[in-house]
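# whatever this is, show me its structure:
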Amino acid sequence: MSTSMMSAVIAQKNQKNNNIKKGLAILLGLLSVLAFFLPYMQFVFKNTTYVVSGFQLATIKGFRVIGPELSGLVTIPLLTRISVTLGILLAIAGIVLLLCGKPALAGIAYILSGITPMIVLISTSSIQEAVTQLNISRISIDYLWPSIYVLVGGIICSVLSLWTQGTEKLAESIFLVFSCVSVGSVILITVYIFAAGAPAIIQIGLGQFLFGTQWNAEANLFGILPLILSSIAGTIGAILIGVPIGILTAVFLAETAKPQVARLVHPAVELLAGIPSVIYGFFGMLVIVPTIRDFPPFKDNTIGDSLLAAIIILAIMVLPTIVSVTETSLKAVPQAYREASLALGATQTTTIFKVSIPAARSGILAGAILGVGRAIGETMAVIMVAGNVANMPSLLGTVRLLTTGIAMEMSYASGLHREALFAIGLVLFVFIMIVNISFTYISKRGVQMDAE
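As a prediction, this is how the structure comes out:
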């Protein structure tokens, strides 16, 4: 058989395989469209059960729920309606695009259709909140098999569509899809946080919410300025203590420590990273708080539970992250840099601070960013040592941070109170974004200055 004939046979075989994949993708896509018209979710409110299809979720007004004291119509969230509608439209778009010979676009449409049940899951949480306000505690929301099929079927249809382009294109597309999933997760979280927190801020008033100094849910006073300032003070204090200690420890391990000593220090640092936050809280409650309370200069001025205790415990908790990332960055600095510095007559200490640390600046900043994130987001350990009273920050006074405010009250909050806690989460989210963007800008400016 000649080469041209073999090529023709192989091409024909590939075309046949692609047609099979295309046909399966179209068939499964049609089933995904059908799944939206089948029983999609089940809502059980006390003794009342509603089984609804995806189409009904997008079209009906809501659920009539009767509670022991109150009753009312629980509306379906707008985001749920949009998600279900997009799921149907994107599944249809995937079929049409595949028939038109656009497998890449069809794959994207299918995967977007597949993730819509996850968005529905997030958005229907507000239904639970609304029903809880009717004094109904027995609530459950169950996903039925058609909704699960939409998720699984969307992924399978996407893979089959992309596979029709060849194995190499499939691999490239899968890498692209997973990178898009990572970015999409961030976007989804961002959208949800803003959607959940913005209504409370609008109702309370941006100025009153951010700059109010009183937090009293019973009196509908939701001012979080003390929480914001306490979080900022706690984070800055922890970084001022933790970053220098972490960097110097990393320098010791990467530059000057003997192998025998490094083998002892490394497990200790790794152990710090593995200790649960509640254990740090116990340590702070049983050691740090009594020490502050009984320390002669502070005696009679504090009960021990204070901002200072929170700063100390957070400084300890950020150490392993900063040490690990900084040490890795220092070890990545080429040895030639150090040898050149020493050859010019610089001492080892001068080489470390003038050559190694500046060369590892971006990694050190990354470690600091991760440390800031750990300090801002820590909850359990801070609850156990900070006192948890919404006071303006004082080094020896009791304080409440943003994270602890959410954790302490979310379990029993309802109505505007619960929405205000979501709004605190939005403020915390924006705070972390500002910190990350600022550190990224500083890091890039440093690289540009080095290049110049």
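
# list the contacts of the lowest-mean-pLDDT helix or strand in the chain.
In the chain, no helix or strand scores lower on mean pLDDT, DSSP states H and E than helix 125-132, which sits at a mean of 70. Helix 125-132 is contacted by residues 43, 45, 63, 65, 67, 74-77, 139, 141, 196, 414, 418 when judged by C-beta atoms under 8 Å, 6 or more residues apart in numbering. Glycine gets a C-beta too; all of them are placed from N, C-alpha and C.

# run the angle between the helix or strand following that helix and helix 125-132 for me.
Under the assignment DSSP states H and E, the closest C-terminal helix or strand after helix 125-132 is strand 139-143. Here strand 139-143 points in a direction 150 degrees away from that of helix 125-132 (axes from the mean of the first three to the mean of the last three C-alpha atoms, to 10 degrees).

# how about residues contacting the very next helix or strand once past strand 139-143?
Downstream of strand 139-143, the first helix or strand assigned by DSSP H and E is helix 145-163. With C-beta under 8 Å, 6+ apart as the contact definition, helix 145-163 has outside contacts at 21-22, 24-25, 28-29, 31-32, 35-36, 38-41, 53-54, 87, 91, 94, 98, 103-104, 106-108, 110-118, 120, 169-170, 173-174, 177.

# show me where the chain has strands.
For the chain, applying DSSP state E gives strands covering 39-45, 48-53, 62-66, 71-75, 139-143, 215-216, 221-222.

# how about these, which one is nearest residue 344?
Judged by C-beta to C-beta, the one of these that comes nearest to residue 344 is strand 215-216, at 59.1 Å.

# what pLDDT, on average, does that closest one get?
For strand 215-216, the mean pLDDT works out to 86.

# what do you get for stretch 283-296?
Over the span of stretch 283-296, the pLDDT mean works out to 88.

# and what of stretch 191-202?
82.

# same check on stretch 366-373?
So the average pLDDT for stretch 366-373 ends up being 82.

# just the buried positions in it, please.
366, 367, 368, 369, 370, 371, 372, 373 (16 or more other C-beta atoms under 10 Å).

# could these be laid out in TSV, adding distance to residue 201?
Output for the buried residues of stretch 366-373, formatted as TSV (distance: C-beta to C-beta, whole Å):
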residue	distance to residue 201
366	32
367	33
368	30
369	27
370	29
371	29
372	24
373	23
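
# low pLDDT regions in the chain?
Filtered on pLDDT under 70, the chain yields the residue ranges 1-15, 66-72, 129, 132-138, 177, 180, 442-452.

# show me which helix runs longest in it.
Secondary structure of the chain per DSSP state H: the longest helix is helix 167-204.

# coming back round to it: buried subset of the contacts of helix 125-132?
Among these, those classed as buried by 16+ other C-beta under 10 Å are 43, 45, 63, 65, 67, 74, 76, 77, 139, 141, 196, 418.

# does the first one touch residue 141 like I think?
Yes. With contacts defined as C-beta atoms under 8 Å, residue 43 counts as touching residue 141 at a distance of 5.6 Å.

# and the contacts of helix 125-132, which is closest to residue 218?
Relative to residue 218, the closest of the contacts of helix 125-132 is residue 414; by C-beta to C-beta it sits at 12.4 Å.

# so what's residue 343 up against?
By C-beta under 8 Å, 6+ apart, no residues touch residue 343.

# before we move on, what about the one 3 residues further on?
Listed by C-beta under 8 Å, 6+ apart, the contact partners of residue 346 are 354, 355.

# tell me the domain ranges of the chain?
Domain ranges of the chain: 3-203, 215-451, per automatic domain parsing.

# neighbours of residue 40, just the number please.
26 (other C-beta atoms under 10 Å).

# now it: closest residue in space, sequence neighbours ignored.
Excluding its sequence neighbours, the residue lying closest to residue 40 (C-beta to C-beta, 6 or more residues apart in numbering) is residue 54, at 4.2 Å.

# again with residue 321
Leaving aside its chain neighbours, residue 321 sits nearest to residue 370 (4.8 Å; criterion: C-beta to C-beta, 6+ apart).

# likewise for residue 436?
residue 369 (6.2 Å).

# how far does stretch 152-163 sit from the chain's center?
27 Å (C-alpha atoms, centre = their mean, to the nearest Å).

# now do the contacts for the nearest residue to residue 238 once chain neighbours are set aside.
Spatial nearest neighbour of residue 238, chain neighbours left out: residue 314 (3.6 Å); criterion: C-beta to C-beta, 6+ apart. Neighbour list for residue 314: 234, 235, 237, 238, 242, 374, 375, 378, 381, 382 [criterion: C-beta under 8 Å, 6+ apart].

# what's near enough to touch the fifth one?
Shown in contact with residue 242 (C-beta under 8 Å, 6+ apart): 314, 315, 316, 318, 319, 322, 371, 375.

# go with 10 Å
311-312, 314-323, 368, 371-372, 374-375 (C-beta atoms under 10 Å, 6 or more residues apart in numbering).

# gap between the nearest residue to residue 198 once chain neighbours are set aside and residue 190?
Leaving aside its sequence neighbours, residue 198 sits nearest to residue 426 (C-beta to C-beta, 6+ apart; 6.9 Å). To residue 190, residue 426 is 10 Å away according to C-beta to C-beta, to the nearest Å.

# contacting residues for residue 181?
Residue 181 neighbours (C-beta under 10 Å, 6+ apart): 111, 115, 188.

# may I see the buried residues of stretch 299-313?
Going by 16+ other C-beta under 10 Å, stretch 299-313 has these buried residues: 302, 304, 305, 306, 307, 308, 309, 310, 311, 312, 313.
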